[in-house]
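**Q** 3D model of this:
(one chain, ligands or ions: 2)
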Amino acid sequence: MPLEIITVPCLKDNYAYLVHDAASGRTALVDAPEAGPIAAELARRGWRLSDILITHHHGDHIDGVEALRASSGARVIGAAADAHRLPPLDLELHDGDEIGICGETAHVLDVSGHTVGHVAFHFPASGAAFTADSLMALGCGRVFEGTMAQMWHSLSRLAALPPETRIFSGHEYTLANANFAVTIEPENAALISRKKAVEQDRAADRPTVPSLLSEELATNPFLRASRPEVKDAMGMRDARDSEVFAEIRRRKDRF
Ligand code: ZN
Ligand code: FE
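**A** Ligands and ions are numbered 1, 2, ... in the order given. I've put the predicted structure just below:
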């Protein structure tokens with residue numbers, strides 16, 4: 001049976017995720033922006049945390065870790081590369097690791113770029129990937145610590161997951177991302193219809209996350225930097241994929 005995944009809105013526009021295995025009763029958390037809403041959701045469902053998975057060191061992803069660890073005794077899991085700036089880790093991860101979480105195998109991918117040491121968690125059996133501030137719905141995180149080439153490489157690895165994978169990212173930024181995406185590909189019909197759907201969802205206060213990787217491949221400009229039609233639209237026909245990605249990212253930073 002696939003894992004049950006519950007979206008928990010936190011802070012202003014963050015998402016945390018509870019991953020629950022009904023068979024074993026185990027529950028994992030992906031990122032802890034703040035403890036309050038997560039503890040409330042756990043109490044409402046009668047679940048107790050067994051694992052806390054951390055994607056990267058930013059406060060809006062870890063500030064709730066210690067309170068939730070204290071109330072649950074959960075094992076805290078994050079990248080070895082970030083161990084010096086994360087809450088104390090019970091398990092340190094490296095790229096390519098496979099870990100048992102909630103009765104499934106989760107694959108660990110280094111997706112550095114937004115930060116160096118950012119990891120994503122892919123649960124192939126449940127068709128879910130937790131990408132936080134790497135790949136986002138119609139967007140990607142700002143490149144703060146890594147290089148543009150590194151972020152492009154990270155996104156390319158996520159793009160190679162099965163297209164039916166659901167992408168659980170860290171923020172509700174999709175409407176702003178859609179408004180930017182149409183400046184890159186104004187003629188992309190799939191993007192135009194997705195933008196309408198996003199506008200309707202947000203007007204009704206519905207989350208736009210998760211999205212399907214197949215939708216991202218068809219509409220997310222940051223994943224599409226290698227496509228001839230995108231290069232043409234940007235006047236960069238002969239540029240390398242990573243250079244086109246970098247230019248899209250720079251334009252978004254100024255948008
Ligand atoms: Zn971040
Ligand atoms: Fe964030």
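**Q** I'd guessed residue 177 sits against residue 135; true?
**A** No. Using CB atoms under 8 Å, residue 177 is not in contact with residue 135; the gap is 11.3 Å. Where C-beta positions appear, they are placed from N, C-alpha and C, glycine not excepted.
**Q** higher neighbour count, those two?
**A** Counted by other CB atoms under 10 Å, residue 177 and residue 135 do not tie: residue 135 has more neighbours, with 28 against 24.
**Q** ok, the more buried one - contacts?
**A** The contact partners of residue 135, taken as CB atoms under 8 Å, 6 or more residues apart in numbering, are 111, 120, 155, 158, 159, 167, 169, 216, 220, 222, 223.
**Q** got the confidence number for the last one?
**A** Meaning residue 223. With respect to pLDDT, residue 223 has a value of 98.
**Q** could you do the third one as well?
**A** Note for residue 155: predicted pLDDT of 98.
**Q** wait, what's in contact with it?
**A** By CB under 8 Å, 6+ apart, the contact list for residue 155 reads 111, 113, 134, 135, 140, 222, 223, 245.
**Q** still on that earlier bit, could I get the contacts of residue 135 as TSV with distance to residue 33 and secondary structure?
**A** Listed next are the contacts of residue 135 as TSV, based on distance: CB to CB, whole Å; DSSP: H, G, I helix; E, B strand; the rest coil:
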residue	distance to residue 33	secondary structure
111	19	coil
120	17	strand
155	23	helix
158	21	helix
159	26	helix
167	18	strand
169	13	strand
216	23	helix
220	23	coil
222	23	helix
223	25	helix
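**Q** tabulate the residues you listed (JSON lines), appending distance to residue 201.
**A** Written out in JSON lines, the entries for those read as follows (distance: CB to CB, whole Å):
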{"residue": "111", "distance to residue 201": "26"}
{"residue": "120", "distance to residue 201": "24"}
{"residue": "155", "distance to residue 201": "23"}
{"residue": "158", "distance to residue 201": "22"}
{"residue": "159", "distance to residue 201": "23"}
{"residue": "167", "distance to residue 201": "15"}
{"residue": "169", "distance to residue 201": "15"}
{"residue": "216", "distance to residue 201": "16"}
{"residue": "220", "distance to residue 201": "16"}
{"residue": "222", "distance to residue 201": "20"}
{"residue": "223", "distance to residue 201": "20"}
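**Q** tell me which of the residues you listed is nearest to residue 67?
**A** Proximity to residue 67 was ranked across the contacts of residue 135 by CB to CB; first place goes to residue 169, at 23.6 Å.
**Q** quick one: the closest one and residue 129 touch, right?
**A** No. Between residue 169 and residue 129 there is no contact under CB under 8 Å: 9.1 Å.
**Q** which among the contacts of residue 155 end up buried?
**A** 111, 113, 134, 135, 140, 222, 223, 245 (16 or more other CB atoms under 10 Å).
**Q** what about the closest residue to residue 133 other than its chain neighbours, neighbour count?
**A** Nearest-residue entry for residue 133: residue 141, 3.4 Å, with adjacent residues in sequence omitted and distances by CB to CB, 6 or more residues apart in numbering. Residue 141 is flanked by 28 other residues according to other CB under 10 Å.
**Q** returning to what we had before: residue 169 and residue 129: which has the busier surroundings?
**A** Set residue 169 next to residue 129 and count neighbours by other CB under 10 Å: residue 169 wins out with 29 against 26.
**Q** in contact with the closest residue to that one other than its chain neighbours, which residues?
**A** Residue nearest to residue 169 in three dimensions, not counting chain neighbours: residue 136, with 4.1 Å by CB to CB, 6+ apart. When contacts are counted by CB under 8 Å, 6+ apart, residue 136 touches 167, 169, 170, 171, 173, 174, 177, 209.
**Q** rounded mean pLDDT for stretch 42-56, please.
**A** pLDDT averaged over stretch 42-56 gives 98.
**Q** let me fix that: stretch 94-105
**A** Along stretch 94-105, the predicted local confidence has a mean pLDDT of 98.
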